[in-house]
Every structure is written in C-alpha cells, then in structure tokens.
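In: My questions are about this predicted structure, shown below with the sequence.
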Amino acid sequence: MKKTSLVLCLLLVLMTVLSACTDGSGTSSTGSTASGTSSTQASSEDTTRPITLGISWWGGSTRHEYTNKILDLYKAKNTNVTINAEYVSWDDYWSSMNTKAASNTLPSVMQQDYAKIGQFIDNGTIVDMNAQVDNKNLDLSDIKGDAFYGGKIDGKLYGISTGVNAFCYLYDATALKDAGVTLPSEKFTWDEFNTISKDMMSKAKLATVPMINTDPKFFVEMYVRNQGKHMYSADGKTFGFDKALLVEAFQKQEDLSKSGNALSPDIVNAATQDKDLLAEKKTWGEPLWSNQVINVMKLANDETRDFQLTMMPGTDNGGIYLKPSMLWSITRDCPETDRNAAARLISFILNDIEANKLAGADRGVTIMKKVNEALVKEADPNNKKVYDYIDVVGKYASEIDPPEPVAGSEITKEIKDQFDAIVFGKKTAQQAADDCWKNSEQIFATNAG
C-alpha cells in the first residue's frame, strides 16, 4: 500500500483546518447543513423503501450519548431508515470489529482509526467511496480540493476524517495555583514536568500518572520524532530509530516511577473512560488526545476547576503532530444497494451544523470549513480551549508519519508489555528496552513476508 500519498493528503487537510480555525472573515451558515441546503441527493426509491444501516464507534458515555442524539436527528429527517448502533470501549471495539470482519457481519458504517485503517484497506474490509462522492450522496464540497478527505490513497477514498486532534497534557490549573506551583509553559519541558511532579506531590499530595499508560507506543513515537527520527523505517520492516533512543524514552518512565511522585500503577490501571483519574482528583494532570478533553471536563462536573491544555513534555521540536481524530468508512459488508444510504448518513454527520454542535470537538476539530466557523463562533469555553490548543500545536507540529505497518499492532503490544514492566518495577529501562528490541526484531521478521 502506498502510504506516502495518504500522509501528504493529511498534511494538507491539517493546514487547512488550522487556517479555518483562525479565519474570522467567514460567515456561518444559518441552515441545518454547512451549505444551507440538503447535503444529500437521494433517489426517490431510497426515500421510501425501508433501509437498515448499522454503525459502530468506540468511546465513553459522553460520546455514546451525543452520537445517539445525532442519529435521532437523522432518523427524524429520514423516516424510512432504521439505524442499529454499536458502541463499546476502545479495546473491545477492535476485537469486535475483527470478529465481525471474519464472519462478514461488519456494520454498514464504522468508525476508523488512522493507525489501523491500513490494515482494513489491505484486508479489503472497507470500500472505496468515490462513487458516493460522484453521485453527491457524500457531500465533501466544503473541504478545499480533493486532497482533504483524510483517507484517500491511490485515488481511492476509504475514509473521511471526523476532524483533527493532537496529544496534549491536560492539567488542573486550579490545583497547581492553589499549591503555589508554576504552570507549565507552552513549550512544556522535561525539567518543568519533573519540577511540577515533585512540587504537586509534596505540596498537594497529588501524584503523577505514567507517560500514556494506555498506549505508551505514542510516547515512544513522540520522543523519537523529537530527536528527528521516525517510529518505523520507510518500508515498515524495522524501527526508524536506534535502541539508545528507546532506552532514553523508557528511562523517563523509570525516573518517574522511582521518584516517589508516581501514582500507584494499580490505581492507574483501574481507571476507565468514565472513571477518569484527573476528573476524580487523583492526579494533577494526564496525557490524552485533545478530543478526549471535553469528556474529562464533563466527568469532573466542576466549574470551579480550570482545566488547561499544553503540549506533551519535550515535543516542541517536531515530536508533536496533528492527526485525523477518527475516520468514517463504509464496510465491505454493507450491501451495494445500501451504500448510497450509508454515505448520506456519513454526510449528515459531517455537514449538519446542529449535529456538530452536539459533538463539539469530541471527534476532533472538524475539517468542514463552514461547520468549523459556526462551531468556533458559538463554542463554549471548554471547546474553545481545544480549538485554541490545535492552533498552538500547529506552530510546533511536524508531518505525521504513515499509518502503522503490518507489524504495528504486535509492536504496540510489545511496547506496552515492556512499559508495564517498568511501571511495576519488574525491569529497568535498559532491561525493558533490550527485551523490547529483541522481541520486536522477531515480530518484524515474522511479518516481513
């Protein structure tokens, strides 16, 4: 699969979104869609015959609640359509989708992830949507040029970006101020991180969470990117950096674990999307994707707490990047007779302003220009923080790497296993890096064919 063209397309869309976020000259639409007119062109048959569509996504309770409201809006305007929704956590989602793919029972529309879309393309489980764009069932007219779809490769359109996001460090500015601790700077440095961790433990008894405990591969990726390297080689058959950098990245976590300022790993592992550590005041801050910020704020449900976003420590030299938050795809198992209807559902989710007001920035900062203008204009203070943060990241971000290679899922698990060994004090950074490197070489070799 030729991944370079996909990366270049994504870079262009991210640049356009940043421009849209700061462009104050546009006029927002007053209609229900960005163009002010219907975003779909349904045949007379499709508006009368009964149609059943399946749709799946991952997320927490906040996403589930508003997405179901969006689907209710759509069904109210399309009374012949029945929608069966499936929504679970991130981990359960992919095991469910893989099981359904094996049994040819995938839903009509599925939420996709940039790191995993390549595997679904290679396996033939998601389909090209160009025909739906051509017949105007999928309205992408508000995206500048055909390079802005987010999941187009070799001329085929496999996914539409729901918006863009970036990793951030979300922190409780109120807690830091109350403790007399200096807030992180825009270029959050490792020295600042270590000082805040120490001071918040000693002054406020608030410990520090591990570096992206749920998926430390992203931590390693940003660390090596900040040194001018890449997670994988161009052919995806090995790492794009040497082992010394892996040792350095792992050493950051070992230093935290041994500092006396780290939150108990048992407490960390008990957290869920709906039982967030920062929301429950068990820590002073946490690393997460920017589109997850709103959920944490809602879970906290405390307007007296001032949550702020800054970049991940030590990522200001190109370590940070912007990515499609998620993508929508039509699957192979959607009957061909229903694919136009599936496209109209995606089009509604992307273009309808009322639907996007419900979603806010939870699925990323929208790539639809007029929708973006409407949302920024009416954004509440919390969503505005997310929009502003994406602008900040744009000043420091470098081009996103290609989607993960075939070995990516196994490498991600291997890094997680070794990272956990450090967190629980079972291995040193050097030991974990040695084992990770050795095991990863075998993983790469096994997947090379």
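Out: Thanks, I have the structure now. Owing to the predicted nature of the structure, the values given are computational and were not obtained by experimental measurement.
In: where along the stretch 101-250 of the chain do the strands fall?
Out: Counting by DSSP state E, counting those that start in this stretch, the segments of the stretch 101-250 of the chain that form strands are 109-112, 150-153, 156-161, 164-165, 167-172, 230-232, 239-240.
In: What helices and strands are in contact with the helix or strand hosting Trp437?
Out: Per DSSP states H and E: Trp437 is located in helix 429-447. With contacts taken as 3 or more CB pairs under 8 Å, 6 or more residues apart in numbering; DSSP states H and E, helix 429-447 sits against helix 243-258, helix 408-423. Bear in mind the C-beta positions are built from the backbone N, C-alpha and C, glycine included.
In: circling back: and the strands of the stretch 101-250 of the chain, which one is worst for confidence?
Out: Ranked by mean pLDDT, the strands of the stretch 101-250 of the chain bottom out at strand 150-153, with a mean of 77.
In: List the neighbouring strands of that one plus their orientation.
Out: In the sheet, strand 150-153 lines up against strand 156-161 (antiparallel) (DSSP bridges).
In: Just the buried positions in the partner strand, please.
Out: By neighbour count on 16 or more other CB atoms under 10 Å, the buried set for strand 156-161 is 157-161.
In: And stretch 409-417, by the same measure?
Out: 409-412, 414-416.
In: contacting residues for Arg49?
Out: Asn80 (CB atoms under 8 Å, 6 or more residues apart in numbering).
In: what about it, distance to Ile55?
Out: Applying CB to CB, to the nearest Å, the value for Arg49 to Ile55 is 19 Å.
In: hmm, back to that, Throw the buried residues of strand 156-161 into TSV and include distance to Glu336, thanks.
Out: Formatted as TSV, the buried residues of strand 156-161 follow (distance: CB to CB, whole Å):
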residue	distance to Glu336
Leu157	16
Tyr158	16
Gly159	19
Ile160	19
Ser161	24
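In: okay, now the nearest residue to Tyr171 once chain neighbours are set aside: neighbour count?
Out: Take Tyr171 and drop its neighbours on the chain: the residue closest to it by CB to CB, 6 or more residues apart in numbering is Gly285, 3.3 Å away. Neighbour count of Gly285, defined by other CB atoms under 10 Å: 28.
In: Quick check: nearest residue in space to the residue positioned nearest the centre of the chain, chain neighbours excluded?
Out: The residue lying closest to the centre of the chain (CA atoms, centre = their mean) is Ser325, at 3.6 Å. Nearest non-adjacent residue to Ser325, counting by CB to CB, 6+ apart: Gly364, 2.8 Å away.
In: Give me the pLDDT value at that neighbour.
Out: Taking Gly364 on its own, its pLDDT is 90.
In: Need phi/psi at Leu183.
Out: phi -70, psi 150 (degrees, to the nearest 10).
In: likewise Pro184?
Out: phi -60, psi 150.
In: give me the beta-bridge partners of the residue lying closest to it once chain neighbours are set aside?
Out: Leaving aside its chain neighbours, Pro184 sits nearest to Thr310 (4.6 Å; criterion: CB to CB, 6+ apart). Assessed by DSSP bridges, Thr310 has beta-bridge partners Tyr169.
In: tell me, how many neighbours does Thr310 end up with?
Out: 20.
In: That one contacts Tyr171, doesn't it?
Out: Yes - counting by CB atoms under 8 Å, Thr310 touches Tyr171, with 7.0 Å between them.
In: Name the residues contacting each of the two.
Out: With CB under 8 Å, 6+ apart, Thr310 and Tyr171 have common neighbours Pro184.
In: From what I see, Ser440 and Glu414 are in contact.
Out: Yes - contact criterion CB under 8 Å: Ser440 and Glu414 qualify, at 5.6 Å.
In: Could you report the separation of the nearest residue to Ile117 once chain neighbours are set aside from Lys370?
Out: The spatially closest residue to Ile117, leaving aside those adjacent along the chain, is Gly159, at 5.5 Å (CB to CB, 6+ apart). Noted for Gly159: a distance of 21 Å to Lys370, by CB to CB.
In: What of Asp302?
Out: 34 Å.
In: more neighbours, these two?
Out: A direct count of neighbours by other CB under 10 Å for Asp302 and Lys370 places Lys370 higher, at 22 against 13.
In: Show me what the helix or strand hosting the more buried one is packed against.
Out: Using DSSP H and E, Lys370 sits within helix 369-378. On a contact count with 3+ CB pairs under 8 Å, 6+ apart, helix 369-378 meets helix 4-22, helix 353-359, helix 381-396.
In: Buried residues, the second one. List them.
Out: Of the residues in helix 353-359, those with enough neighbours to count as buried (16+ other CB under 10 Å) are 353, 355-359.
In: Closest one to Glu336 out of these, please.
Out: Ala355 (26.1 Å; CB to CB).
In: so what's that closest one up against?
Out: Here Ala355 is in contact with 70, 73-74, 348-349 (CB under 8 Å, 6+ apart).
In: Name the residues of stretch 308-321 that come out as buried.
Out: Of the residues in stretch 308-321, those with enough neighbours to count as buried (16+ other CB under 10 Å) are 308-316, 319-321.
In: mind listing which of these are in strands?
Out: Mapping the buried residues of stretch 308-321 onto strands (DSSP state E) picks out 308-310.
In: Pick out whichever of these sits closest to Leu375.
Out: Among those, and counting by CB to CB, the member closest to Leu375 is Leu309, at 17.2 Å.
In: show me what contacts that closest one?
Out: 168-170, 290, 293, 385-386, 389.
In: again with Lys177
Out: 183, 306.
In: Would you mind measuring from it to Arg305?
Out: 11 Å.
In: Tell me the pLDDT of Ile117.
Out: At Ile117, pLDDT is 89.
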